[in-house]
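Peer 1: quick one: sequence plus predicted model below, questions after.
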Amino acid sequence: MAESEFEVRLKKLRELERLGLPPYKQKFKPNTNAKEIKERFQHLKPGEHEEKDSFKISGRILTIRDFGGSVFFHILDSTDKIQCFIEKRGNEQLLEFFKKLLDTGDIVGISGTVFRTKKGEITIYVKDMKVLAKCLHPLPEKWHGLKEIETRLRMRYLDLIMNPEVKEIFIKRHKIISFIREFLTERGFVEVETPILQPVPSGAVAKPFKTYHNELEMNLFLRIAPELYLKRLIIGGFDKVFEIGRNFRNEGVSSHHNPEFTMIELYQAYSDYNDLIELTEKLITELSLYVNGKCIVKQGEEEIEFSPPFPKISIKEEVIKRAGIPAEKIKDTEFLKEKLKGKIEIDEDDDWGEIIVKYFEKYVADNIKEPTFVIDFPVSTSPLAKRKEDDPDFVERFELYTFGMEIANAFSELNDPEDQRKRFEEQIKIRRMRELVEDMDWDFVKALEHGMPPTAGEGIGIDRLVMLLTGAQSIKEVILFPTMKPEDKT
RNA sequence: GGGUCAGUAGCUCAGCAGGUAGAGCAUGGGACUCUUAAUCCCAGGGUCGCGGGUUCGAUUCCCGCCUGACCCA
C-alpha cells in the first residue's frame, strides 16, 4: 500500500530531525508581518528589489508553485498573506531543502528581503528559513477551501486557516465586546463577576444544567442569568454594574440558540426603563458605526439601515389590532383562549398575559426587521419587573427586536420585596415552572427587604448582536466552538 | 417531537434505473527560474457514515441507527 500523506509528511519531519533541525525545538522571533511589509514596500516598482533591509517573518505555508529552478509560495500570518520566493541562483541548498522537506500547512520562520515581482506582487526574497512546526495533514483544497459546515465546526482551526472571512467575524466579535465594555466603563459602570454555579437558578425562565459539589454535598446549577446577583450589588451600593459572561440553558439547539451563550447584563440605579431605551439606542448606534462604519443590521444579503429613535410597538395594541380582540377583553383569559384557539398553542396554565405574548411572538415579532422596542409586557411574564403606574397588570419593560430576533430585554426592576415575594409564590405554583426549577431564590427577597433603589436593568445577547452586525445567519457562525455531539466513531 | 435533504479519496464534488467507483486540487516520481487555481508527463491513494435486510451480487433498493443542515410544531 502506498504511503498516506500523513506518512509522507512524518518522514519529512524525521528527516528534519536527522538534519539537526527538529521543528518543535526551533526558536524564531519575527520582527514584522505580512501587512506591515505590504504597506511599507508599496512604493516598489515591478522588478524592483530593496536589498538593503532584511526582515524576519513567520507564517503558515498556504500554496506552493514549483518551477524547478525557483519556487513561489504564499504564507499566511495573523495579518495577511504574503508571497515568498526562493531561487537557485540565490541559494541552491535552500531551494533543495524547501522542495524536499516543506509542505503546505507548515509553519516557517523566514529571513529575507523584499521585492516586487514582474507581475507586480510584493514578495519576500527568502535568504534563510526555519521549519517551526510541521503540518502532518494536508490542508483542504486551495481553491474550494473547507466548506462542509460540520467539518468547519469540528475542526475550527482549519476553518480559520482556510476561510479568512470566518476570522473576520471573530475579530469583529472582539471589537464589539471591547466597545461595549468601554462604552459602559466611560459612563461609570463597574464590571463585576458573579457566580456561574448557583444553588438556585434564577433570573430567567429556562431549564438549567445541574451539577453537584462533592465536598459541600450540594446540588448546583449553571446560571441561566446573573440577574439576581447583580441586583444584590445594587442593593450593596454599586449604582452601575455590568457583567459580560456565559449563561447556560439546557434547551434546544437552533440557528438562534446555543446551550451556552454570552450575555451582558447591566444595572443602573436611580433609573427606569426609559433611560435604558436611550442608552440602548446610543449603544447600538455607536457600536454599529464603530464596527461597520454605518448604522446597519444584516441577515445574509439583507441589510437594513436604522437610526434612533427606534420605533416602539406595544404587545397589547398589536394583539388588539391584529387578532381583533376588543380592548376590554385583553385581560380575559377565557375569552382569549376561545378566540385564539388553533392560532397558537395554548397551555392549560396560561393566563391572558402568556397568551398575548405567544400571539405576539408568533404573528408580529417575526416580521420586525429594523431595531424596534417591543413594550407593554404583561406582569405574569415578567416576574422581576416593576408594574406600570397607569396599568399595574403590565410592566415597565422592553425587548429590542431585530430581524425577528430578540436582542435585548430590559425593565425597571421590581424593588418592592412584598410584591416580589408574591410573584415568586405565584410563579412556583405554575406547573411548567416547577418542572424547571426546584425552588425560588428566596434569599433574594431578603436582600430586597434591605432596600434596593429604583433601578433599571438590561440584558443583551452578545451572540445575536454579533450576528446582526456581521450578517451571520446562524449563531454557530459567531461562536467559535458551538456545542455539538461528538462524532460516532463506531 | 415531526418532515425534507446530506454524509463517496486529505479537500471540493461527480457517479451508479443493482455488476465492488471517477475528476480536479493535494500526494509521490519526472520536466521547467516571475508564478499566483502555474503548466506538461507518469504513478499511488477509497471498509462509498454505521448496522441489518432483499439479491447470485448492494455505494446504488428497503429498514434501523449515528452525525449535520433546513423547515414545521
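Peer 2: Nice, thanks for sending it over. Numbering: from 1, shown residues only, chains lettered A, B, ... in the order given.
Peer 1: enumerate the residues of the stretch 201-350 of chain A near RNA strand B.
Peer 2: Residues of the stretch 201-350 of chain A lying close to RNA strand B (Cβ under 7 Å from any atom of the strand) are A:252-255, A:345. Where you see a C-beta, it was placed from the backbone N, CA and C, and this is true even at glycine.
Peer 1: how far does stretch A:451-471 sit from its chain's centre?
Peer 2: The offset between the C-alpha centroid of stretch A:451-471 and the centroid of the whole chain comes to 13 Å, using Cα atoms, centre = their mean, to the nearest Å.
Peer 1: adding pLDDT and neighbour count, write the residues of the stretch 201-350 of chain A next to RNA strand B out as TSV.
Peer 2: Converted to TSV, these look like this (pLDDT from 0 to 100; neighbours: other Cβ atoms under 10 Å):
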residue	pLDDT	neighbour count
A:Gly252	90	9
A:Val253	93	14
A:Ser254	94	10
A:Ser255	94	13
A:Glu345	89	10
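Peer 1: which residue is the nearest non-sequential neighbour of the closest residue to RNA strand B within the stretch 201-350 of chain A?
Peer 2: For the stretch 201-350 of chain A, the residue closest to RNA strand B is A:Ser255, as judged by Cβ to the nearest atom of the strand, at 4.1 Å. Distance criterion Cβ to Cβ, 6 or more residues apart in numbering; nearest residue to A:Ser255, sequence neighbours excluded, is A:Ser474 at 4.3 Å.
Peer 1: sheet partners, orientation included, of the helix or strand where A:Gly459 lies?
Peer 2: Applying DSSP states H and E as the criterion places A:Gly459 in strand A:455-461. As defined by DSSP bridges, the strand partners of strand A:455-461 come to strand A:260-269 (antiparallel), strand A:405-412 (antiparallel).
Peer 1: report the secondary structure element holding A:Leu139.
Peer 2: Secondary-structure assignment from DSSP H and E places A:Leu139 in no helical or strand segment.
Peer 1: so what pLDDT did the nearest residue to A:Pro453 once chain neighbours are set aside get?
Peer 2: Residue nearest to A:Pro453 in three dimensions, not counting chain neighbours: A:Ala269, with 4.4 Å by Cβ to Cβ, 6+ apart. Note for A:Ala269: predicted pLDDT of 98.
Peer 1: likewise for the one 10 residues further on?
Peer 2: As predicted, A:Leu279 sits at a pLDDT of 98.
Peer 1: count the neighbours of A:Ala323 for me.
Peer 2: Residues contacting A:Ala323 under the criterion other Cβ atoms under 10 Å number 19.
Peer 1: tell me how many other residues crowd the nearest residue to it once chain neighbours are set aside.
Peer 2: Closest residue to A:Ala323 apart from its sequence neighbours, by Cβ to Cβ, 6+ apart: A:Tyr359 at 5.8 Å. The number of residues packed near A:Tyr359 is 23, by other Cβ under 10 Å.
Peer 1: how much space between A:Tyr359 and A:Pro383?
Peer 2: Distance of A:Tyr359 to A:Pro383, given as Cβ to Cβ, to the nearest Å: 20 Å.
Peer 1: A:Lys88 too?
Peer 2: With the distance defined as Cβ to Cβ, A:Lys88 ends up 77 Å from A:Pro383.
Peer 1: which pLDDT value does the model give A:Tyr212?
Peer 2: Value for A:Tyr212, per-residue pLDDT: 97.
Peer 1: kindly report the same for A:Gly300.
Peer 2: A:Gly300 is assigned 86 on the pLDDT scale.
Peer 1: with A:Met1 instead?
Peer 2: The predicted local distance difference test score for A:Met1 is 42.
Peer 1: next one: A:Thr490
Peer 2: What the model reports for A:Thr490 is a pLDDT of 45.
Peer 1: repeat for A:Ser4
Peer 2: 87.
Peer 1: tally of neighbours for it?
Peer 2: Taking other Cβ under 10 Å as the criterion, the count of residues near A:Ser4 is 11.
Peer 1: next: A:Asp53.
Peer 2: Under the criterion other Cβ under 10 Å, the count of neighbours that A:Asp53 has is 11.
Peer 1: please apply the same query to the one 3 residues further on.
Peer 2: Applying other Cβ under 10 Å, we find 15 residues neighbouring A:Lys56.
Peer 1: continuing past whatever helix or strand it lives in, what's the next helix or strand?
Peer 2: Per DSSP H and E, A:Lys56 falls inside strand A:49-66. Heading C-terminal from strand A:49-66, the first helix or strand you meet, by DSSP H and E, is strand A:70-76.
Peer 1: what comes up buried for stretch A:281-295?
Peer 2: With burial defined by 16 or more other Cβ atoms under 10 Å, the residues of stretch A:281-295 counted as buried are A:281, A:283-285, A:287-288, A:291-292, A:295.
Peer 1: hang on, the earlier thing: just put the strands paired with strand A:455-461 in TSV and tack on mean neighbour count.
Peer 2: Output for the strands paired with strand A:455-461, formatted as TSV (neighbours: other Cβ atoms under 10 Å):
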stretch	mean neighbour count
strand A:260-269	22
strand A:405-412	22
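Peer 1: among the ones you listed, which is nearest A:Glu148?
Peer 2: Using Cβ to Cβ as the measure, strand A:260-269 is the one of the strands paired with strand A:455-461 that comes nearest A:Glu148, at 23.6 Å.
Peer 1: contacts for that closest one, please.
Peer 2: Contact with strand A:260-269 is made by A:180, A:184, A:189, A:225-227, A:230-231, A:233-234, A:239-249, A:275-276, A:279, A:413, A:453-463, A:475, A:479, A:483, as judged by Cβ atoms under 8 Å, 6 or more residues apart in numbering.
Peer 1: repeat that for stretch A:136-148.
Peer 2: Stretch A:136-148 has contacts (Cβ under 8 Å, 6+ apart) with A:5-6, A:9-10, A:13, A:62-63, A:103-105, A:152, A:155, A:158-159, A:161-163.
Peer 1: list only those of the residues you listed flagged as buried.
Peer 2: The neighbour-count test (16+ other Cβ under 10 Å) applied to these identifies A:9, A:13, A:62, A:103-105, A:152, A:155, A:158-159, A:161-163 as buried.
Peer 1: which of these fall in strands?
Peer 2: Counting by DSSP state E, the members of the buried ones among the contacts of stretch A:136-148 that fall within strands are A:Leu62.
Peer 1: let's have the buried ones among the contacts of stretch A:136-148 in TSV, adding pLDDT and distance to A:Glu50.
Peer 2: Formatted as TSV, these follow (pLDDT from 0 to 100; distance: Cβ to Cβ, whole Å):
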residue	pLDDT	distance to A:Glu50
A:Arg9	95	35
A:Leu13	96	34
A:Leu62	96	24
A:Asp103	96	29
A:Thr104	96	28
A:Gly105	96	29
A:Arg152	96	39
A:Met155	96	39
A:Leu158	96	35
A:Asp159	96	36
A:Ile161	96	29
A:Met162	96	31
A:Asn163	95	33
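Peer 1: name the helices or strands packed onto the top helix by length along chain A?
Peer 2: Among all segments of chain A classified by DSSP state H, the helix with the greatest residue count is helix A:164-186. On a contact count with 3 or more Cβ pairs under 8 Å, 6 or more residues apart in numbering; DSSP states H and E, helix A:164-186 meets helix A:156-162, strand A:190-191, strand A:240-248, helix A:273-292, helix A:462-470.
Peer 1: hmm, what's the outermost residue in chain A?
Peer 2: Computed with Cα atoms, centre = their mean, the maximum C-alpha offset from the centroid of chain A is found at A:Arg89, amounting to 50.2 Å.
Peer 1: which residue ranges of the stretch 201-350 of chain A form strands?
Peer 2: Residue ranges of the strands in the stretch 201-350 of chain A, as given by DSSP state E, counting those that start in this stretch, are A:210-213, A:218-222, A:240-248, A:260-269, A:296-299, A:302-305, A:312-314.
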